[in-house]
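Asker: got a structure for you, letters missing:
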């Protein structure tokens, strides 16, 4: 009888509050799992957005770096072109035997890395051209030196002989005093004919960085003497 009237719950069944709590917990569990799933999804979306943003920023940084590299390369190419054009102009202005260089040559395609870097080649060319322009480097004369010395000797003697001959031809029509002076000047001109080509020969040799050797001087002098004597005899003086 006491068991029928006992209001306490049967052992193991729990109180109504406990059963209610369990029921609510059982109902809330799926909702909790769903909310947790949404949270994980949101976190994954945030992480994905962050990764995408980071990758986009990295890609943009690479694009900016590539553009900067392209601009720097273009500036380097333009600087090399300007340097080549300047060296080419200086080369064309040098005296000596050379063909018409024409415009600056166009760049050629390079299939392999040269043994000597292009910058070093340009440095060598610039140093060589500068040394030649300053007279520190002997230049190649357009004709052999002995030929130039012969031409200088012959030309100098011919000019002096021409002056002397002109004075002798004009002397007969001059007054007596002037006639005598003209004959003296003519004789001096013929006498100087042998050495008249030396200054021109020396200037020519200096232009091409060559010394006036004894052989060169002898060639000029010999040519001048031969031409002077020949013209003197030929003209009957």
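Answerer: Structure's in. What do you need? Bear in mind that the values here come from a model prediction, so they are computed numbers and not experimental data.

Asker: what distance separates the helix or strand containing residue 47 from the centre of its chain?
Answerer: Element membership for residue 47, per DSSP states H and E: helix 16-93. The chain centre lies 42 Å from the centre of helix 16-93; the measure is Cα atoms, centre = their mean, to the nearest Å.

Asker: following that helix, which helix or strand comes up?
Answerer: Remark: after helix 16-93, the chain's next helix or strand is helix 118-133, criterion DSSP H and E.

Asker: and the next element down the chain from that following helix?
Answerer: With elements assigned by DSSP H and E, the helix or strand that comes after helix 118-133 is helix 145-170.

Asker: buried residues of that following helix, list them for me.
Answerer: 145, 148-161, 163-165, 167-168 (16 or more other Cβ atoms under 10 Å). Any C-beta I mention is one placed from the backbone N, CA and C, and that applies to glycine too.

Asker: picking that back up, so what secondary structure elements neighbour the helix holding residue 47?
Answerer: Judged by 3 or more Cβ pairs under 8 Å, 6 or more residues apart in numbering; DSSP states H and E, helix 16-93 is in contact with helix 118-133.

Asker: now do the helix holding residue 47, average pLDDT.
Answerer: Taken as a whole, helix 16-93 carries a mean pLDDT of 79.

Asker: what angle sits between it and helix 118-133?
Answerer: Calculated by axes from the mean of the first three to the mean of the last three Cα atoms, to 10 degrees, helix 16-93 forms an angle of 20 degrees with helix 118-133.

Asker: so what are the domain limits for this structure?
Answerer: 1-140, 145-234 (automatic domain parsing).

Asker: most packed of those?
Answerer: When you average the neighbours per residue for each of the domains of the chain (mean count of other Cβ atoms under 10 Å), domain 145-234 leads with a mean of 17.

Asker: what mean pLDDT does it have?
Answerer: Domain 145-234 shows a mean pLDDT of 85 in the predicted model.

Asker: end-to-end on that domain?
Answerer: Distance across domain 145-234, first residue to last, is 29 Å (Cα to Cα, to the nearest Å).

Asker: does residue 211 count as helix, strand or coil?
Answerer: Under DSSP: H, G, I helix; E, B strand; the rest coil, the three-state class of residue 211 is coil.

Asker: please shift the residue numbers so they start at 694 in all later answers.
Answerer: Will do, 694 is the new start, and the previous item becomes residue 904.

Asker: so what's it closest to, chain neighbours aside?
Answerer: The spatial neighbour of residue 904 that comes closest, neighbours along the chain excluded (Cβ to Cβ, 6 or more residues apart in numbering), is residue 898 at 6.8 Å.

Asker: quick check, that neighbour in contact with residue 908.
Answerer: No - using Cβ atoms under 8 Å, residue 898 is not in contact with residue 908; the gap is 11.7 Å.

Asker: pLDDT score assigned to residue 835?
Answerer: The model reports residue 835 with a pLDDT of 79.

Asker: tally of neighbours for it?
Answerer: Per other Cβ atoms under 10 Å, the neighbour tally for residue 835 reads 13.
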